[in-house]
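pasting a predicted model and its sequence here:
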Amino acid sequence: MCGIVAYIGNKPAQQLLLEGLKRMEYRGYDSAGIAMLESDGLRVVKAVGRVSKLESKIQDKGDFTGTIGIAHTRWATHGKVTLANAHPHRDHKHGVSLVHNGIIENYASIRTLLEERGHEFHTETDTEVLGVLISHFYDPDNGMDLEKSVQASLREVRGAYAIAVICANEPDVMVCARKGSPLLVGIGSGEYIVASDPAAIVAHTSTAVTLDDYSVIRITREGFRTTTVDDEELTPKEMQLEMELDQIELGSFTHYMQKEIFEQPEALRTCIKGRLDKNEGRIVLGGLMALSKELVKSKRIILTAQGTALHSAMIGEYLLEDLAKIPAECQYASEFRYRNPIIEDGSVVVAVSQSGETADTLAALHEAKDRGALSLGVINVVGSTLARDTDAGVYLRVGPEIGVASTKAFTGQVAVLTMISLFMARRRMMSPEASARLMKEFETVPDKIEQVLETNDSIRQITEKYVHRDNWLFLGRGYNYPTAMEGALKLKEISYIHAEGMPAAEMKHGPIALIDEGMPVVFIANQGNQYDKVMSNIEEVRSRGGHVIAVATEGDEQIKTVAEDVLYVPAVEECLSPMVTVVPLQLLAYHAAVLRGHDVDKPRNLAKSVTVE
């Protein structure tokens with residue numbers, strides 16, 4: 001995996017493909033490559049490192065002029081980061097070349113079979129095995145053209161894939177397919193742009209078709225045909241991409257993460273716009289209306305996610321139990337699928353994912369649905385697999401998130417889970433007055449985030465004092481225990497500082513042994529019903545030499561007596577506080593990464609959307 005872009009049309013494809021790769025650099029990758037069909041046959045150029053290095057190698061070899069090609073940025077799964085293992089891969093018999101996101105689980109047995117039949121391999125990857133398998137089936141004299149060969153090959157493989165395939169023997173055809181990994185086909189005038197991310201398409205067209213699992217598409221300049229892997233005709237639906245080009249440009253910001261942190265107030269305003277009916281004390285979520293009766297009668301809600309989305313789901317667990325008074329639990333999607341979960345009548349599963357393509361979350365969703373659960377999605381990307389596979393869902397509407405370390409999607413997820421909780425609470429037992437009061441407070445959250453962002457410079461100064469330390473703790477209670485987890489994750493992701501987030505009371509059950517003189521310990525100590533308990537935990541840290549950085553409520557003078565540094569946030573209703581308290585933690589992580597000289601938007605070893613288990 002990581003990024004696919006392909007083109008067939010009447011324009012020279014080279015610059016369009018390179019531009020598409022650059023627009024997907026935020027997803028994380030370790031190598032890049034391009035394959036194009038030229039007048040003298042198939043040409044492939046690959047490079048370990050950034051797309052700029054690939055671009056230099058192409059220029060050294062002389063620009064391509066072909067109008068059909070495929071390109072890829074790789075994030076290593078099978079095989080080390082080497083030039084040979086970079087995509088595109090090719091066979092050495094028919095000029096078949098392909099790019100691939102996903103994992104072919106049975107590649108080893110297929111490779112052994114192909115080796116026994118005389119085929120040679122030159123890489124460590126599962127992708128090359130798929131390419132050689134396609135070449136093995138390729139026999140146009142007997143009806144096995146590129147499309148039929150791809151179909152036959154995909155019937156033999158297990159796993160996940162999004163592929164784009166070209167062949168020197170069929171210079172006017174491209175074949176693409178998907179299962180479990182995203183792929184879009186942008187439709188232009190006499191041209192088609194295939195990509196795993198709309199960011200690579202949006203500059204050229206706003207119209208696209210999404211491919212369902214097990215679908216294969218044969219594309220020429222005149223049109224396309226879509227089938228299943230068993231050659232049954234399909235009719236894909238066209239969709240309009242909601243992403244605008246200016247949304248994925250940096251503008252005046254240095255990094256996408258920085259831009260997206262500062263976009264949060266406006267993103268949240270968009271997220272909640274038209275969804276809060278204060279007059280009736282009701283939440284208006286069109287995606288849930290058809291299932292409102294089933295949701296009101298639900299007996300148990302399971303939230304499942306990974307990474308940052310998991311932390312927002314943990315807050316969702318608190319919200320659902322506190323506001324809607326319904327039993328809720330949050331589980332790692334990667335564990336849920338394999339633990340033989342108990343799904344009873346009246347169970348609802350809520351899958352949370354920014355991309356809507358997270359492999360573990362999709363697998364957990366499908367497992368829950370197979371066992372009879374009603375399914376909801378909390379998703380940012382319109383038309384994603386999760387959006388299509390759930391019974392109903394709510395979009396975040398926070399705009400595209402480019403930074404690998406999620407920020408505005410987290411606050412958007414918490415906002416949507418808050419609205420879902422209020423949606424159910426009002427229909428179960430919450431009075432119109434109580435609901436309207438919370439909604440009125442909810443509407444102030446974007447303004448309060450803006451106030452936090454105004455303290456950016458002071459947060460940077462505080463970060464400078466501790467950035468040399470390699471071990472941190474993040475501690476919180478109640479709603480802000482998951483926020484502490486998220487703060488630690490952000491610091492780990494982009495600054496490579498070791499950090500642990502946990503409930504503040506858990507610290508003394510083992511982790512307190514880590515605290516030494518000067519160790520930074522971040523407490524979320526805003527005013528709430530556990531404030532006194534948090535203050536006691538702070539004293540435990542201070543007595544062992546730890547340096548306390550407190551996220552506290554404006555006007556709290558007591559906190560200054562126990563904390564070396566204080567990051568103040570405006571007062572806000574406790575159940576809404578994570579959307580505010582997380583912002584200084586995001587800024588702290590951002591400044592730590594910059595001060596340490598790291599590439600904030602391309603953290604090592606990470607990909608924006610994890611589409612393999």
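Perfect, I can see it now. Numbering: from 1, shown residues only.

wait, isn't E441 in contact with C575?
No. Judged on CB atoms under 8 Å, E441 makes no contact with C575 at a distance of 9.1 Å. Bear in mind the C-beta positions are built from the backbone N, C-alpha and C, glycine included.

those two - which one has more neighbours?
Taking other CB atoms under 10 Å, E441 and C575 do not tie; C575 has more neighbours (20 against 14).

can you classify that one by secondary structure?
helix (DSSP: H, G, I helix; E, B strand; the rest coil).

quick one, strands of the stretch 501-613 of the chain?
Counting by DSSP state E, counting those that start in this stretch, the stretch 501-613 of the chain has strands at residues 520-524, 547-553, 565-569.

again with the stretch 1-150 of the chain
2-8, 31-38, 41-48, 68-74, 89-90, 96-104.

could you do the stretch 251-400 of the chain as well?
Going by DSSP E, counting those that start in this stretch, the stretch 251-400 of the chain shows strands at 276-277, 282-283, 300-305, 328-332, 347-353, 374-379, 392-395.

turn these into JSON lines, columns for mean pLDDT.
Listed next are those as JSON lines, based on pLDDT from 0 to 100:
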{"stretch": "strand 276-277", "mean pLDDT": "92"}
{"stretch": "strand 282-283", "mean pLDDT": "90"}
{"stretch": "strand 300-305", "mean pLDDT": "96"}
{"stretch": "strand 328-332", "mean pLDDT": "95"}
{"stretch": "strand 347-353", "mean pLDDT": "95"}
{"stretch": "strand 374-379", "mean pLDDT": "95"}
{"stretch": "strand 392-395", "mean pLDDT": "93"}
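
want to throw those strands into JSON lines with mean neighbour count and distance to R269?
JSON lines is the format used below for the strands of the stretch 251-400 of the chain (neighbours: other CB atoms under 10 Å; distance: least, CB to CB, whole Å):
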{"stretch": "strand 276-277", "mean neighbour count": "18", "distance to R269": "11"}
{"stretch": "strand 282-283", "mean neighbour count": "22", "distance to R269": "16"}
{"stretch": "strand 300-305", "mean neighbour count": "26", "distance to R269": "24"}
{"stretch": "strand 328-332", "mean neighbour count": "19", "distance to R269": "27"}
{"stretch": "strand 347-353", "mean neighbour count": "28", "distance to R269": "21"}
{"stretch": "strand 374-379", "mean neighbour count": "25", "distance to R269": "18"}
{"stretch": "strand 392-395", "mean neighbour count": "22", "distance to R269": "15"}
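
out of these, nearest to A71?
strand 347-353 (25.9 Å; CB to CB).

would you mind writing the CA trace of that closest one as PDB?
Output of strand 347-353 as PDB, limited to C-alpha atoms (Å, rounded to 0.1, in the frame of the first residue of the first chain):
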ATOM      1  CA  SER A 347     -27.100  -4.300  19.800                       C
ATOM      2  CA  VAL A 348     -25.800  -1.400  17.800                       C
ATOM      3  CA  VAL A 349     -22.300  -1.100  16.500                       C
ATOM      4  CA  VAL A 350     -20.800   2.300  15.700                       C
ATOM      5  CA  ALA A 351     -17.800   2.200  13.500                       C
ATOM      6  CA  VAL A 352     -15.600   5.400  13.600                       C
ATOM      7  CA  SER A 353     -13.100   6.200  10.900                       C
END
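
who does that strand pair with, and is each partner parallel or antiparallel?
Strand 347-353 sits in its sheet next to strand 300-305 (parallel), strand 374-379 (parallel), going by DSSP bridges.

angle of it against strand 328-332?
50 degrees (axes from the mean of the first three to the mean of the last three CA atoms, to 10 degrees).

where does pLDDT dip in the stretch 501-613 of the chain?
Within the stretch 501-613 of the chain, the stretches with pLDDT under 70 are 607-613.

now do 80
605-613 (pLDDT under 80).

helices of that one, start to end?
Taking DSSP state H, counting those that start in this stretch as the test, the helices found in the stretch 501-613 of the chain are 531-542, 578-595.

mind checking the strands of the stretch 251-400 of the chain for the one nearest to K93?
Per CB to CB, nearest to K93 of those: strand 347-353, 40.4 Å.

quick one on the thing from earlier: any idea which of the strands of the stretch 1-150 of the chain is most buried?
strand 2-8 (a mean of 30; mean count of other CB atoms under 10 Å).

helices or strands up against it?
helix 14-23, strand 68-74, strand 96-104, strand 159-167, strand 170-179, strand 192-195 (3 or more CB pairs under 8 Å, 6 or more residues apart in numbering; DSSP states H and E).

sheet partners, orientation included, of that strand?
As assigned by DSSP bridges, strand 2-8 forms pairs with strand 68-74 (antiparallel), strand 192-195 (antiparallel).

let me see the mean pLDDT of it.
For strand 2-8, mean pLDDT is 92.

next one: stretch 12-31
Computed over stretch 12-31, the average pLDDT equals 86.

can you tell me the distance between the two ends of that stretch?
Distance across stretch 12-31, first residue to last, is 23 Å (CA to CA, to the nearest Å).

off-centre distance for that stretch?
Stretch 12-31 sits 18 Å away from the centroid of its parent chain (CA atoms, centre = their mean, to the nearest Å).

got it, and stretch 345-353?
Offset of stretch 345-353 from its chain centre (CA atoms, centre = their mean): 19 Å.

ok, which of the strands of the stretch 1-150 of the chain comes nearest V404?
strand 2-8 (10.8 Å).

now that closest one and helix 14-23, what's the angle there?
160 degrees.

picking up where we left off before, any chance of the strands of the stretch 251-400 of the chain in a markdown table with distance to D532 as columns?
Rendered in a markdown table, the data for those read as follows (distance: least, CB to CB, whole Å):
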| stretch | distance to D532 |
| --- | --- |
| strand 276-277 | 33 |
| strand 282-283 | 33 |
| strand 300-305 | 29 |
| strand 328-332 | 27 |
| strand 347-353 | 32 |
| strand 374-379 | 34 |
| strand 392-395 | 36 |
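
A571 is nearest to which of those strands?
Closest among the strands of the stretch 251-400 of the chain, using CB to CB: strand 276-277, at 20.2 Å.

so what strands line up beside that closest one?
Short version: by DSSP bridges, strand 276-277 pairs with strand 282-283 (antiparallel).

before we move on, back to that, among the helices of the stretch 501-613 of the chain, which is the most enclosed?
Note that of the helices of the stretch 501-613 of the chain, helix 578-595 is the most buried (mean count of other CB under 10 Å), with a mean of 26.

mind putting the helices and strands packed on strand 2-8 into a markdown table with distance to V416?
Formatted as a markdown table, the helices and strands packed on strand 2-8 follow (distance: least, CB to CB, whole Å):
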| stretch | distance to V416 |
| --- | --- |
| helix 14-23 | 27 |
| strand 68-74 | 30 |
| strand 96-104 | 27 |
| strand 159-167 | 27 |
| strand 170-179 | 27 |
| strand 192-195 | 27 |
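
so for V216, which of those sits nearest?
Nearest of the helices and strands packed on strand 2-8 (CB to CB): strand 170-179, 4.4 Å.

what is the closest one packed up against?
Going by 3+ CB pairs under 8 Å, 6+ apart, strand 170-179 lies up against strand 2-8, strand 68-74, helix 146-154, strand 159-167, strand 192-195, strand 215-220.

just checking, H366 touches L386?
No. Using CB under 8 Å, H366 is not in contact with L386; the gap is 10.3 Å.

these two: who's more crowded?
Neighbour comparison, H366 and L386: the larger count goes to L386, with 24 against 14 (by other CB under 10 Å).

looking at it, the more buried one is touching S353, isn't it?
Yes. Counting by CB under 8 Å, L386 does reach S353; the two are 5.4 Å apart.

closest one to A409 among the helices and strands packed on strand 2-8?
Judging the helices and strands packed on strand 2-8 by CB to CB, what sits closest to A409 is helix 14-23, at 18.3 Å.

send the alpha carbons of that closest one over as CSV?
Extracted C-alpha coordinates of helix 14-23, given in CSV (Å, rounded to 0.1, in the frame of the first residue of the first chain):
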residue,chain,number,x,y,z
GLN,A,14,3.9,11.9,-17.0
GLN,A,15,3.2,15.3,-15.3
LEU,A,16,-0.3,14.3,-14.3
LEU,A,17,0.9,11.1,-12.7
LEU,A,18,3.7,12.9,-10.8
GLU,A,19,1.3,15.6,-9.7
GLY,A,20,-1.1,12.9,-8.4
LEU,A,21,1.7,11.2,-6.4
LYS,A,22,2.7,14.6,-4.8
ARG,A,23,-0.9,15.2,-3.8
